[in-house]
Structures are given as C-alpha cells and as structure tokens.
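Undergrad: structure for this input, please:
(one chain, ligands or ions: 1)
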Amino acid sequence: MSLEPDHERALREAEVDNADAAAEEMSLQGFTHRRCSRCNGELNVNDRGSGYTVSCETEKCLRLTFRGI
Ligand SMILES: [Zn+2]
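TA: Presented below is the predicted three-dimensional model:
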C-alpha cells in the first residue's frame, strides 16, 4: 500500500524515468538535452563512479541517485 495518491505516484515515476534517461544519455553520449519534468530546468548529471546523481538546476527541486548504469 502506498501513501501517495495515484496521480502523485505517476508523476514521481515520470520524474524517475526522465532522470534515468538523462543519466543514460550522459553515459552513452556525454550530454543530455532532457529537462526537469517538474520545472523544465536544466538537469545536471554527475558521475559518481558507481552511479549517477541527477539534479535539477533549481534548488530543492529534484535530486535522484542511480547506481550501476
Ligand atoms: Zn526542476
């Protein structure tokens, strides 16, 4: 059971998918043109060695860490 309403969960999944795709593009191409799905700001992808941190240029908007891409 989730505490999140369905529409919020769907939004959250879209954010994760988008950030995941941005990290994958960065890994494959060295750049990404994807933008934040919340505020349309630029996404910054940082290589952590064992994974990636994807964060929005807008403070406190979006920050996600992916491992083992
Ligand atoms: Zn944002």
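Undergrad: now stretch 10-26: average pLDDT?
TA: Averaging pLDDT along stretch 10-26 gives 93.
Undergrad: let the chain start at 45 from now.
TA: All set: I'll call the first residue 45, so the last point we hit is now stretch 54-70.
Undergrad: how far does that stretch sit from the chain's center?
TA: 4 Å (Cα atoms, centre = their mean, to the nearest Å).
Undergrad: now the strands: where do they sit in the protein?
TA: Remark: strands assigned in the chain by DSSP state E are 87-91, 95-100, 107-111.
Undergrad: in this protein, which spans are helices?
TA: Assigned by DSSP state H, the chain shows helices spanning 50-73.
Undergrad: so which bits of it are right by the ion?
TA: 80, 82-83, 85, 100, 102, 105-106 (Cβ under 5 Å from the ion). C-beta coordinates here come from the backbone N, C-alpha and C atoms, glycine included.
Undergrad: hmm, Glu101 is touching Val89, no?
TA: No: taking Cβ atoms under 8 Å as the definition, Glu101 is not a contact partner of Val89, at 11.6 Å.
Undergrad: who has more neighbours out of those two?
TA: The residue with more neighbours, out of Glu101 and Val89, is Val89; 21 against 13, by other Cβ atoms under 10 Å.
Undergrad: I'd like to know the beta-bridge partner residues of the more buried one.
TA: Judged by DSSP bridges, the bridge partners of Val89 are Val98.
Undergrad: which residues does it contact?
TA: 66-67, 70, 76, 96-98 (Cβ atoms under 8 Å, 6 or more residues apart in numbering).
Undergrad: biggest separation within the residues you listed, which pair?
TA: Greatest spacing in the contacts of Val89, by Cβ to Cβ: Thr76 and Thr97 (13.4 Å).
Undergrad: just to revisit the earlier point, of the residues of the chain next to the ion, buried ones?
TA: Among those, those buried by neighbour count (16 or more other Cβ atoms under 10 Å) are 80, 85, 100, 106.
Undergrad: a markdown table for those, including pLDDT?
TA: Shown next, in a markdown table, are those (pLDDT from 0 to 100):
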| residue | pLDDT |
| --- | --- |
| Cys80 | 96 |
| Gly85 | 97 |
| Cys100 | 97 |
| Leu106 | 94 |
